[in-house]
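Peer 1: give the three-dimensional model of this entry:
(4 chains)
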Protein chains: 2
Amino acid sequence: MLSHQDIWAALDKLAARFSMSSSAMARQAGLDPTTFNKSKRRGNDGKDRWPSTESLAKVLNTLGVSFADFAMLTAQSQAGRLSFAMGANVPLLRLSQAREDGFFDTSGFPVGEDWDEIRVPGVSDDNVFALQIAGDAMLPVLRDGDRAIVSPNANIRRGDRVIIKAQTGEVLAKSFDKMSAGRVQLLSLNENIPSRAFPLADIQWMAKIVWISQ
Amino acid sequence: MLSHQDIWAALDKLAARFSMSSSAMARQAGLDPTTFNKSKRRGNDGKDRWPSTESLAKVLNTLGVSFADFAMLTAQSQAGRLSFAMGANVPLLRLSQAREDGFFDTSGFPVGEDWDEIRVPGVSDDNVFALQIAGDAMLPVLRDGDRAIVSPNANIRRGDRVIIKAQTGEVLAKSFDKMSAGRVQLLSLNENIPSRAFPLADIQWMAKIVWISQ
DNA sequence: GACCAAATAGGTATTTTTTCCTATGGCTAT
DNA sequence: ATAGCCATAGGAAAAAATACCTATTTGGTC
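Peer 2: Numbering: from 1, shown residues only, chains lettered A, B, ... in the order given. Presented below is the predicted three-dimensional model:
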């Protein structure tokens, strides 16, 4: 439930983040310095005052903060499904570029402008879930404690790594090879064993792994 | 730059998403059905009208949409650093639970209420970057085309997988063992080779891998 | 085509937020 | 001690958004 307090609190956090008072932040945004006064957040009649979207936009635009990041400062602070799907821009470099000079400073921080970008996590699936691995049966791809992010709605293609739940209840991680005649051909994750056919009837469901934590 | 058009457009997208007109959405939120009329988004004097945060909150709260997800509908549609850090809640299950009945429907979608939650990606590092793998030198952990998300500011502990850039420019993925006397002990990713010592002087930087795409 | 409900345009009154202004207190520099 | 600046409270005026209302248009059903 988004409330006016949520928005005021987020504005205060934003000011604090830039080491400003709320009046300095208002002033910098071209608003009257008294605009965000605590004394004006509730009327004499006890009625809540909501900062306008125009004032908010002026502040965000002046400070260079995105609307999405501002929304994250509100009390309900986790990103929702949509932001999960759209993801955050993360600088991307190919391995061959990484070998060259000019892409990192001495701490390994990205520098320069020739970086691409990808969206992370970028998983458009409302039914996505995480599976925490136990044991060492799936080493080295999946270690004890690693978390595999699994997307049941994702299309599965050759080479994709998948989680399978068998009718027996067993849960396996495999590499998908192909479908053939009521069977699915699966490879072990370390791929040094020939593919093995599993009858579809033995499988409850199969879903693609999209990310693995490290 | 957040503009009033951004916000209006996002409200229209929201209405469309729920298969409603903007007047139906306003009505459902307890607002006057004419509140979001296109004809009222600009005054006769040409001045832009901004929907109030109060009206917006009423709509979001009625539709059960988070402020963060609404922000994602605006034109600047990528999540920022903060949402990247805080992550989205993803249902989490332990492998042992996954073997039981009652956690998945027949399509592999999560059901039931005994799921934990984790935040994904949950990487609090402004200098995070992605490295796209080429070749098969790091199989099976890192395949050709996989993307490793690398966090230069993350603390590195025993067993963590890291990207190392050598002074020669070579870029390696290894498993961190320990530090000892001006050297770092590193294991191969597939861990069937004894750890090998690299002089720190040979290394430009070393940074932890936090996620790997699949 | 007729009918009805919803959507939309547009005007006015009401409510709400910002602006403008004043006052007070705190902090810093001279 | 004094001056200047900033932060905050508070009041009144101005500006802006919503509520209320009316009229027209649009879309769906029979």
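
Peer 1: so what's the gap between stretch A:203-214 and the chain middle?
Peer 2: 17 Å (Cα atoms, centre = their mean, to the nearest Å).

Peer 1: that one and chain B in contact?
Peer 2: Yes. Judged by Cβ under 8 Å from any Cβ of the partner chain, stretch A:203-214 and chain B are in contact via A:204-214. (Glycine included, C-beta is placed from N, CA and C.)

Peer 1: try stretch A:110-117
Peer 2: Yes. For stretch A:110-117, a contact with chain B is found by Cβ under 8 Å from any Cβ, at A:110, A:115.

Peer 1: returning to what we had before: restricted to strands, list the residues of stretch A:203-214 next to chain B.
Peer 2: Mapping the residues of stretch A:203-214 next to chain B onto strands (DSSP state E) picks out A:204-213.

Peer 1: got TSV for those residues, with distance to DNA strand C too?
Peer 2: Listed next are those as TSV, based on distance: Cβ to the nearest atom of the strand, whole Å:
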residue	distance to DNA strand C
A:204	42
A:205	39
A:206	41
A:207	38
A:208	38
A:209	42
A:210	37
A:211	40
A:212	45
A:213	42
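
Peer 1: low-confidence stretches in chain A?
Peer 2: For chain A, the stretches flagged by pLDDT under 70 are A:75-80, A:191-192.

Peer 1: same list (the residues of stretch A:203-214 next to chain B) but as a markdown table, adding neighbour count and distance to residue A:103.
Peer 2: Converted to a markdown table, the residues of stretch A:203-214 next to chain B look like this (neighbours: other Cβ atoms under 10 Å in any protein chain shown; distance: Cβ to Cβ, whole Å):
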| residue | neighbour count | distance to residue A:103 |
| --- | --- | --- |
| A:204 | 18 | 45 |
| A:205 | 16 | 42 |
| A:206 | 22 | 39 |
| A:207 | 26 | 36 |
| A:208 | 22 | 31 |
| A:209 | 25 | 29 |
| A:210 | 19 | 26 |
| A:211 | 25 | 24 |
| A:212 | 23 | 25 |
| A:213 | 22 | 25 |
| A:214 | 22 | 21 |
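
Peer 1: next, give me the two most distant ones among those residues.
Peer 2: A:204 and A:214 (28.4 Å; Cβ to Cβ).

Peer 1: go ahead and confirm residue A:74 touches residue B:67.
Peer 2: Yes. Distance between residue A:74 and residue B:67: 5.4 Å, which falls inside the contact criterion (Cβ atoms under 8 Å).

Peer 1: who has more neighbours, the two?
Peer 2: Comparing residue A:74 with residue B:67 by other Cβ atoms under 10 Å in any protein chain shown, the one with more neighbours is residue B:67, at 27 against 21.

Peer 1: list the contacts for residue A:105?
Peer 2: residue A:111 (Cβ atoms under 8 Å, 6 or more residues apart in numbering or on different chains).

Peer 1: look up phi and psi at it.
Peer 2: As for residue A:105, its main-chain torsions (degrees, to the nearest 10) stand at phi -90, psi -170.

Peer 1: what does residue A:164 give?
Peer 2: The phi/psi pair for residue A:164 (degrees, to the nearest 10) is phi -120, psi 130.

Peer 1: beta partners for it?
Peer 2: When assigned by DSSP bridges, residue A:164 has beta-bridge partners residue A:172, residue A:206.

Peer 1: surely it meets residue A:171?
Peer 2: Yes. Counting by Cβ under 8 Å, residue A:164 does reach residue A:171; the two are 7.2 Å apart.

Peer 1: quick revisit: okay, the residues of stretch A:203-214 next to chain B in TSV with distance to residue A:44 next?
Peer 2: What follows is these, written out as TSV (distance: Cβ to Cβ, whole Å):
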residue	distance to residue A:44
A:204	63
A:205	60
A:206	63
A:207	58
A:208	59
A:209	58
A:210	54
A:211	53
A:212	57
A:213	53
A:214	56
